[in-house]
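# Predicted model follows, preceded by the sequence.
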Protein chains: 2
Amino acid sequence: MYRDLNERSRKILEAIIEDFIATGEPVGSRTVTRRHHLGISPATVRNVMADLEEAGFLYSPHTSAGRVPTEKGYRFYVDTMIEVRDLSFNLRKAIEDSFSMGGLGLEDRLKRAGQVLSATSSYAGLVSYPSFEATVFRHIEFVKLSSKKILAVLVSQSGNVQNKVVEVQKPISKGELEKITNFLNSKLTGLPLCEVKGLIVKEMKEEKALYDSLLQQAFELSREVFESQTEGTVFVEGASNILDLPEFADLECMKRLFRTFEQKNLLVDLLEKCRSAEGTHVFIGSEFDSCGLEGCSLVTSSYVSKSGISGTLGILGPSRMTYSVVIPIVAHTARQISRFLDAD
Amino acid sequence: MYRDLNERSRKILEAIIEDFIATGEPVGSRTVTRRHHLGISPATVRNVMADLEEAGFLYSPHTSAGRVPTEKGYRFYVDTMIEVRDLSFNLRKAIEDSFSMGGLGLEDRLKRAGQVLSATSSYAGLVSYPSFEATVFRHIEFVKLSSKKILAVLVSQSGNVQNKVVEVQKPISKGELEKITNFLNSKLTGLPLCEVKGLIVKEMKEEKALYDSLLQQAFELSREVFESQTEGTVFVEGASNILDLPEFADLECMKRLFRTFEQKNLLVDLLEKCRSAEGTHVFIGSEFDSCGLEGCSLVTSSYVSKSGISGTLGILGPSRMTYSVVIPIVAHTARQISRFLDAD
DNA sequence: CTTAGCACTCAAGCTTCCAGAGTGCTAACG
DNA sequence: CGTTAGCACTCTGGAAGCTTGAGTGCTAAG
């Protein structure tokens, strides 16, 4: 596919992309020769640029502007040219410091991770809350709110808490509730949540025959609790960092961004889709389903704990992104979260 | 203060403000006479307008534009001219319908309230989470996460849940933890949370002398839990509604708004400050400390349950807001939330 | 006191113009 | 034959000037 690109063309493409990333302005042939000493004249560069445009790596906004990378151009750059540098001492320190503070719960921790992503990259940081489904049951607790309303508090192995108000048909006494609690805790502890659901449905069918009303109530209750666990939270930090970039200095663009960031569920889906892959990944422009995020790129990485909790984090910025800096930031932050989760 | 305003001046001021609210364009003398049949000529209107400008109710953006209301103008309008209409059938229905759906927890309920505020007004809806401080203790539960990490789950009378991970110095056994749980629950149930804090500090001093290590641990633990309850969540819905208003069709304005909406804690504080007052209140422009919300008005109302839970909700929009519609929407929504809270 | 008339002002939109940056092509050069 | 200098051409963006329309303030007459 790229066989036509000789060394010189690659050098020139790289120069153009890096200049554009740095300045945001279309890059002309003269600029290339001035800033990078390639030992060739602007005219030669022009010839090569015409070829690169032909090949789909560049395009010109209009005849008398310089060239700008296309998505294909960025993709080629990211895949074959980037040298992922080590994190600078300062960045590494910034990330690790944000994890050294003790006594924070999972939620605060993830939020901080988002903040550090945003602060170190100066783009927007996204961190998804681990899917509750994937976690392991540790403890359930019922608190009676009124005669027919019961609050269920569900705790996962990782200390993640979810709660839900359940309305029951006939009142359950405090004693019964306690028995149900003990029964469920002894029965379910240590099971992955996804299995818990199946188990309950199965047991309900079997127990039906036994007519043990307490057990029946227990299952009825837990079915309600596990049935509709709210999924999907995402922390977005530093979205306003993106505002000052020249590529979004336009009313319509900005409205679009604003609207997209308002719909958290879009972002949840976005990160969810990126979860599958291991390692750090770069999605450029239309490579991800970017409703309202045209002209953006997303660098993601997943975090996973030994106990199976997993989620995704990433940095969202313009396609004109300093990939070589952002990629190690994302990778390192994901590693730190994983480590934190295992530390329990 | 307003003694100089005769009936005619008031009529003209009202006409100007209502026209401006409707169109967003500065209102000229000719427009006033055309749209409202006051039986006077544009020249007369001009004279009156000059007086109104003198008095600080109006100003002109420049000599050859019409007049625009000042904050003082809006204030006068809201205080003395507005007739708060009853809610139209449709609006009332929309609000009540959003409360008729059963089985939602407090959080979802408040979020929905925000959505309905935003949808019915087409501005932004804000709803603050009730202050945990003001609620009544119902139940505490400890779950051991690891030898030194304990998850505390705190439930208020209203079914509001907060949780916190606490790190302890020396390991606590499961049995001890259970005793502590029982002890605290029997001791604290029914107390307002603000009193709980004081109580714990007091008891800790007294118990110190007794050297009962279990009790000491109990208090130590609960002190940590109650010490730093995270306060302040606010649901912001439909912020992007504001984007299409002509008064914010400007890059700088929009960035400011974006940044302000990103800092939820600012909005929390804002609503918190408005909580004190009972009934529905209108804050115009600089009347509230609107960091980044210049040119906006805020209509708020507090919701209170019999059990003492309270919070604030409101609609944030441009100062050029359809107050006569927004005020009853806010008032009715607050009533509905209060009713819902009491229904437990 | 009200109003018609008039001169004046100002913003916004339009055209025109110019400078600057960059291109593509061609012809000369090593 | 690849490379380069030169040149004509194109296009954007900003500045300057012009026009239009809406609206005002003032004055003098009703």
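Cool, got the structure.
# Strands of chain A, residue ranges please.
A:58-59, A:68-69, A:124-128, A:137-144, A:149-156, A:161-167, A:234-237, A:280-284, A:296-304, A:310-318 (DSSP state E).
# hey, which of these is tucked in deepest?
Most buried of the strands of chain A, by mean neighbour count (mean count of other CB atoms under 10 Å in any protein chain shown): strand A:124-128, with a mean of 28. C-beta: built from backbone N, CA, C; applies to glycine.
# and the longest helix seen in chain A, is it in reach of chain B?
When chain A is parsed with DSSP state H, its longest helix is helix A:323-342. No: Helix A:323-342 is not in contact with chain B by CB under 8 Å from any CB of the partner chain; minimum separation 11.3 Å.
# Buried residues, that helix. List them.
A:323-334, A:336-338, A:340-341 (16 or more other CB atoms under 10 Å in any protein chain shown).
# Tell me how many other residues surround the residue nearest to residue A:203 when sequence neighbours are not counted.
Nearest residue to residue A:203, sequence neighbours excluded (CB to CB, 6 or more residues apart in numbering or on different chains): residue A:219, at 5.9 Å. Neighbours of residue A:219 under the rule other CB atoms under 10 Å in any protein chain shown: 23.
# again, but for residue A:105
17.
# Leaving out the residues flanking it, which one is nearest to it?
Excluding its sequence neighbours, the residue lying closest to residue A:105 (CB to CB, 6+ apart) is residue B:165, at 4.7 Å.
# The one you found and DNA strand C, how far apart?
Distance, residue B:165 to DNA strand C, by CB to the nearest atom of the strand, to the nearest Å: 56 Å.
# And residue A:171, by the same measure?
67 Å.
# Surely that residue is in contact with residue A:148?
Yes: assessed by CB atoms under 8 Å, residue A:171 is found in contact with residue A:148 at 6.2 Å.
# These two: which has the busier surroundings?
residue A:148 (14 against 11).
# In contact with the residue of the stretch 51-200 of chain A found nearest DNA strand C, which residues?
Across the stretch 51-200 of chain A, no residue is closer to DNA strand C than residue A:64, which sits at 3.5 Å (CB to the nearest atom of the strand). Counting by CB atoms under 8 Å, 6 or more residues apart in numbering or on different chains, residue A:64 makes contact with nothing.
# Give me the distance between the residue lying closest to residue A:265 once chain neighbours are set aside and DNA strand C.
In this structure, residue A:265 finds its nearest non-sequential neighbour in residue A:232, 6.4 Å apart by CB to CB, 6+ apart. Residue A:232 sits 43 Å away from DNA strand C, taking CB to the nearest atom of the strand as the criterion.
# give me the number of residues near residue A:38?
For residue A:38, the neighbour count with other CB under 10 Å is 15.
# pretty sure it is touching residue A:11, no?
Yes: if you go by CB under 8 Å, residue A:38 and residue A:11 touch, sitting 6.1 Å apart.
# Make CSV out of the strands of chain A and add mean pLDDT.
Listed next are these as CSV, based on pLDDT from 0 to 100:
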stretch, mean pLDDT
strand A:58-59, 96
strand A:68-69, 98
strand A:124-128, 97
strand A:137-144, 85
strand A:149-156, 83
strand A:161-167, 79
strand A:234-237, 95
strand A:280-284, 96
strand A:296-304, 95
strand A:310-318, 95
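# Dump those strands into a markdown table; add distance to residue A:34 as well.
Below are the strands of chain A laid out as a markdown table (distance: least, CB to CB, whole Å):
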| stretch | distance to residue A:34 |
| --- | --- |
| strand A:58-59 | 18 |
| strand A:68-69 | 18 |
| strand A:124-128 | 33 |
| strand A:137-144 | 63 |
| strand A:149-156 | 58 |
| strand A:161-167 | 59 |
| strand A:234-237 | 38 |
| strand A:280-284 | 28 |
| strand A:296-304 | 28 |
| strand A:310-318 | 25 |
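# Get me the contact residues on the stretch 51-200 of chain A for DNA strand D.
Within the stretch 51-200 of chain A, the residues that sit near DNA strand D (CB under 7 Å from any atom of the strand) are A:62-65.
# okay, and for the stretch 201-344 of chain A, where does confidence drop off?
Scanning the stretch 201-344 of chain A for pLDDT under 70 picks out A:207-212, A:228-231, A:344.
# swap the cut-off to 90 and go again
For the stretch 201-344 of chain A, the stretches with pLDDT under 90 are A:201-233, A:249-253, A:265, A:272-278, A:289-292, A:304-310, A:340-344.
# Chain neighbours aside, what residue packs nearest to the residue in it that DNA strand C sits nearest to?
When scored by CB to the nearest atom of the strand, the stretch 201-344 of chain A has residue A:251 as its residue closest to DNA strand C, at 13.9 Å. Leaving aside its chain neighbours, residue A:251 sits nearest to residue B:249 (6.2 Å; criterion: CB to CB, 6+ apart).
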